[in-house]
Structures are given as structure tokens and as C-alpha cells.
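A.B. asks: structure, please.
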Amino acid sequence: MASKAIASTAILLSLNLLFFTLVTSTHTPCPPPPPTTPSHHHKKATCPKDTLKLGVCANLLGDLVHLVVGTPPKTPCCSLIEGLVDLEAAVCLCTAIKANVLGINLNVPVSLSLLLNYCGKKVPSGFQCA
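C.D. replies: Residues are numbered from 1 along each chain as shown. Purely as a prediction, here's the structure:
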């Protein structure tokens, strides 16, 4: 009788092992998320600042163009474009120059480059103020 009990226990344990192995082997991890493809939709760059406020850059630009002795003050013009990336700063100043907010007739590429460089920004490669 003892051998029947041992045999029954051995079969029961074997079946339990078999079932637990089958259950745990069916676990499959979630598939990885699909790779994100870079978006080729280029949004038109816009100026996040009020363009009319950039009229204060006229004094700075006038000083830079006429080569005033000494260093023209960087504020308030440079402080307006301080937190912007180069492209946003270029778009803002380009918009101000084109709208003649600065109140003077300018050579747009030269004026834009002068202002951006003076304020520690760079004209983005390929950027055209159109």
C-alpha cells in the first residue's frame, strides 16, 4: 500500500511539475514598441515674441552700423532674443526688419547677421530672410 501511495505522489508531483513548466513557458514578453520614424513634416518657423517689441533693436543696430566708439549696450534688444534658439531669433529679427519695425532701411542679410552675432547668436546655415 505504501508503494501505491509513493507512486501516486510521484505521479502527482510529476504532473504538477509538467503543468507548471507549461504555464511558465508560455509567458511571452510584450513586443517592443514600433520604432519612431523622424517626421519629415517641417513646420514653418515662427517668432514666439511680439515683433513690435523688437523695435528697441533699432538703436543697437544704428550703433553697430555707424561704429560708435565703445560698446553699445546689449539690453534691451539682446534680452528679448536671449532665451530663443538661433532659428527663432533669426525669424524674429527677420520679421522685424521686413516689417520695418526698426524704422530704418537696411541690407537685410547684413543687418540680421550683425544683430544676431552681437547678441551671441548665429545665423542658421541655409537660413534666408525672405
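A.B. asks: what about the helices in the protein?
C.D. replies: For the chain, the helices defined by DSSP state H cover 2-25, 57-65, 77-80, 86-98, 108-118.
A.B. asks: closest to Cys129 out of those helices?
C.D. replies: Of all those, it is helix 86-98 that lies closest to Cys129, at 3.8 Å by Cβ to Cβ. For every residue, glycine as well, the C-beta is placed using N, CA and C.
A.B. asks: of the helices of the chain, which is nearest Cys47?
C.D. replies: From the helices of the chain, taking Cβ to Cβ, the stretch that ends up closest is helix 86-98, at 3.9 Å.
A.B. asks: next, the angle from the closest one to helix 108-118.
C.D. replies: Put simply, helix 86-98 runs at 130 degrees to helix 108-118, going by axes from the mean of the first three to the mean of the last three Cα atoms, to 10 degrees.
A.B. asks: now do helix 86-98: which elements does it pack against?
C.D. replies: Secondary-structure packing of helix 86-98 (3 or more Cβ pairs under 8 Å, 6 or more residues apart in numbering; DSSP states H and E): helix 108-118.
A.B. asks: recalculate using a threshold of 10 Å.
C.D. replies: In terms of contacts (3 or more Cβ pairs under 10 Å, 6 or more residues apart in numbering; DSSP states H and E), helix 86-98 is packed against helix 57-65, helix 77-80, helix 108-118.
A.B. asks: please identify the buried residues of it?
C.D. replies: Asp86, Glu88, Ala89, Ala90, Val91, Cys92, Leu93, Cys94, Thr95, Ala96, Ile97 (16 or more other Cβ atoms under 10 Å).
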